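Asker: 3D, please:
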Amino acid sequence: MSWRGSRSSVEHAWILKDPENPVYPLVKEYSDVVLKHPPSQLPPGLGVRHETDLVPGTKYCVTRQWSLPRVQCEIIDAFFAK
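Answerer: Modelled structure (predicted):
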């Protein structure tokens with residue numbers, strides 16, 4: 001843990017020890033699952049978070065957010081096809 005991370009954990013550790021803190025009863029009740037030294041930052045990203053292929057190799061389906069009349073759809077499609 002870095003100096004900054006250890007300092008942050010120390011600064012926030014009082015929350016877990018102060019009976020006057022409104023969160024204290026909740027932390028006390030779930031003390032078996034609450035970390036005594038919570039991490040000071042989120043873990044590093046792992047790239048792709050979730051991806052599901054319903055049928056392997058198929059392309060994704062693009063749907064419109066709202067339906068438009070066919071004439072307007074054709075005009076928009078023609079505009080972006082240029």
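Asker: shaky segments in this protein?
Answerer: 1-13, 15, 64-66 (pLDDT under 70).
Asker: recalculate using a threshold of 50.
Answerer: Of all residues in the chain, those with pLDDT under 50 make up the ranges 1-8.
Asker: can you pull the phi/psi pair for the residue nearest the centre of it?
Answerer: By CA atoms, centre = their mean, the chain has its centre lying nearest to Arg49, at 9.6 Å. For Arg49, the backbone dihedrals (degrees, to the nearest 10) come out as phi -90, psi -30.
Asker: what's the end-to-end length of stretch 28-44?
Answerer: 29 Å (CA to CA, to the nearest Å).
Asker: in that stretch, what counts as buried?
Answerer: Buried residues in stretch 28-44, defined by neighbour count with 16 or more other CB atoms under 10 Å: Ser40. Glycine gets a C-beta too; all of them are placed from N, C-alpha and C.
Asker: now do stretch 36-55: distance to the chain's middle.
Answerer: 8 Å (CA atoms, centre = their mean, to the nearest Å).
Asker: again, but for stretch 68-77
Answerer: 36 Å.
Asker: tally of neighbours for Asn21?
Answerer: Neighbour count for Asn21, taken as other CB atoms under 10 Å: 13.
Asker: now the helices: where do they sit in the protein?
Answerer: Ranges of helices in the chain, per DSSP state H, are 3-13, 24-29, 70-81.
Asker: got a list of what the residue in the chain sticking out farthest from the centre touches?
Answerer: Most distant residue from the mean C-alpha position of the chain: Val71, 39.6 Å away (CA atoms, centre = their mean). By CB atoms under 8 Å, 6 or more residues apart in numbering, the contact list for Val71 is empty.
Asker: tell me which residues touch Lys17, please.
Answerer: So Lys17 contacts nothing (CB under 8 Å, 6+ apart).
Asker: that one and Tyr24, how far apart?
Answerer: According to CB to CB, to the nearest Å, Lys17 and Tyr24 sit 8 Å apart.
Asker: again with Ser31
Answerer: 10 Å.
Asker: how close does Glu74 get to Phe80?
Answerer: Taking CB to CB, one finds Glu74 at 11 Å from Phe80.
Asker: among these two, which residue is more densely surrounded?
Answerer: Glu74 (11 against 6).
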